[in-house]
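**Student:** next input, structure requested:
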Amino acid sequence: MNAVTDLSRDDARSAVPAIFPDSARNSFASAYPEQPLIIDHELHDHPLLGLDALADLAGRLPESSIEYNRGDLPIGVDGKPGTTGLSITETIHKIAGANSWAVLKNIEQDEGYRALLHALLEELRPAIEAKTGAMLHPQGFVFISSPDAVTPYHFDPEHNILLQLRGSKTMTQFPAGDGRFAPDIMHESYHLGGPRELQWDDGFASAGREFALAPGQALFVPVMAPHFVRNGPESSISLSITWRSDWSYDEAGARCFNALLRKAGMDPAPPHRWPGSNRAKCFGYRAWRKAFGPPKPPIAAP
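**Tutor:** Presented below is the predicted three-dimensional model:
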């Protein structure tokens, strides 16, 4: 696991001016790590985050760090969506009319983007480490979306802040850890290598909480909170800054241990949400994996 200290704190502070105002950092500190909220940011017109710069970045990243597909998708999808026939660079340059959704993953592989990611996280370090300890495995993702594109219903294992840079979008978020919206077996499957896409039910809609994002706003998303995203009427660029914590890794390990218990015919209790500890189950899974190797996901990919 790589902590944000891979980049020195002095270098991180000097990489960009302060992006999160004091009021945003204070609000985030009160809500983290379990309460979603919108905060302001001042990451405007950064030279690394324009379409030309992002198209150049896409050309430098390995193929495994690029994902793009059609944008006219339903909230729930069965398998991976189809492509548009455009290359990733064409998709980015023509995003306004490409009917596409694209993500550049692990932008920290590039030195300039790594400095930007670590500088942003450095501003939030005190609030984060006061509650969940060291920031581990920092990662950055850039989303480039056509007008009205949909990111289908899914969840993610990281602590995440989504900064809206261009255009608008609305994320509909559901309570993390609530089995109504993401059954335990789906969590277990994901942490053992299964898909992150979730099965959507129209009956969920009334329980979702909508967060509308405009440029200059950012949304905090708790670990494994199910959500989907609808783009606004213009093309969109968003930056997602993420990190893991010992707590998030313990939650993942506990999910894997529960999969073993379920396979043995038991009905295990789900992991505790923060600040509850899941360390015993996590250590149990790590011991089992060391002895027998990683098990397969408990269900087939949808």
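
**Student:** which stretches of this protein form helices?
**Tutor:** 9-15, 22-31, 51-60, 88-93, 111-132, 184-191, 246-263, 279-292 (DSSP state H).

**Student:** I'd like the ones you listed as CSV, with mean neighbour count and mean pLDDT appended.
**Tutor:** C-beta coordinates here come from the backbone N, C-alpha and C atoms, glycine included. CSV is the format used below for these (neighbours: other C-beta atoms under 10 Å; pLDDT from 0 to 100):
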stretch, mean neighbour count, mean pLDDT
helix 9-15, 14, 46
helix 22-31, 15, 98
helix 51-60, 16, 96
helix 88-93, 20, 93
helix 111-132, 19, 97
helix 184-191, 22, 96
helix 246-263, 22, 97
helix 279-292, 15, 97
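
**Student:** which of those sits closest to residue 39?
**Tutor:** For these, the distance to residue 39 is smallest for helix 22-31, at 3.8 Å, taking C-beta to C-beta.

**Student:** what does that closest one contact?
**Tutor:** 20, 37, 39-41, 123-124, 126-127, 130, 161, 218, 220 (C-beta atoms under 8 Å, 6 or more residues apart in numbering).

**Student:** JSON lines please, covering the residues you listed and showing distance to residue 196.
**Tutor:** Shown next, in JSON lines, are these (distance: C-beta to C-beta, whole Å):
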{"residue": "20", "distance to residue 196": "27"}
{"residue": "37", "distance to residue 196": "23"}
{"residue": "39", "distance to residue 196": "25"}
{"residue": "40", "distance to residue 196": "29"}
{"residue": "41", "distance to residue 196": "26"}
{"residue": "123", "distance to residue 196": "28"}
{"residue": "124", "distance to residue 196": "24"}
{"residue": "126", "distance to residue 196": "30"}
{"residue": "127", "distance to residue 196": "26"}
{"residue": "130", "distance to residue 196": "29"}
{"residue": "161", "distance to residue 196": "18"}
{"residue": "218", "distance to residue 196": "22"}
{"residue": "220", "distance to residue 196": "19"}
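
**Student:** among these, which one lies nearest to residue 136?
**Tutor:** Closest to residue 136, out of all of these and judged by C-beta to C-beta, is residue 124, at 14.0 Å.

**Student:** surely the closest one touches residue 18?
**Tutor:** No. Taking C-beta atoms under 8 Å as the definition, residue 124 is not a contact partner of residue 18, at 11.1 Å.

**Student:** quick check: the residue located most distally from the centre of the chain vs residue 185, distance?
**Tutor:** Centroid-distance maximum for the chain: residue 265 at 32.3 Å, with C-alpha atoms, centre = their mean. Noted for residue 265: a distance of 14 Å to residue 185, by C-beta to C-beta, to the nearest Å.

**Student:** sorry, back to before: reformat the helices of the chain as TSV; add distance to residue 143.
**Tutor:** As requested, those are exported to TSV (distance: least, C-beta to C-beta, whole Å):
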stretch	distance to residue 143
helix 9-15	22
helix 22-31	21
helix 51-60	10
helix 88-93	11
helix 111-132	14
helix 184-191	20
helix 246-263	21
helix 279-292	31
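
**Student:** for residue 68, which of these is the nearest?
**Tutor:** Closest to residue 68 of the helices of the chain is helix 88-93 (C-beta to C-beta; 5.3 Å).

**Student:** distance from the closest one to the middle of the chain?
**Tutor:** 22 Å (C-alpha atoms, centre = their mean, to the nearest Å).

**Student:** now do that helix: which elements does it pack against?
**Tutor:** With contacts defined as 3 or more C-beta pairs under 8 Å, 6 or more residues apart in numbering; DSSP states H and E, helix 88-93 has these neighbours: helix 51-60, strand 66-70, strand 100-105.
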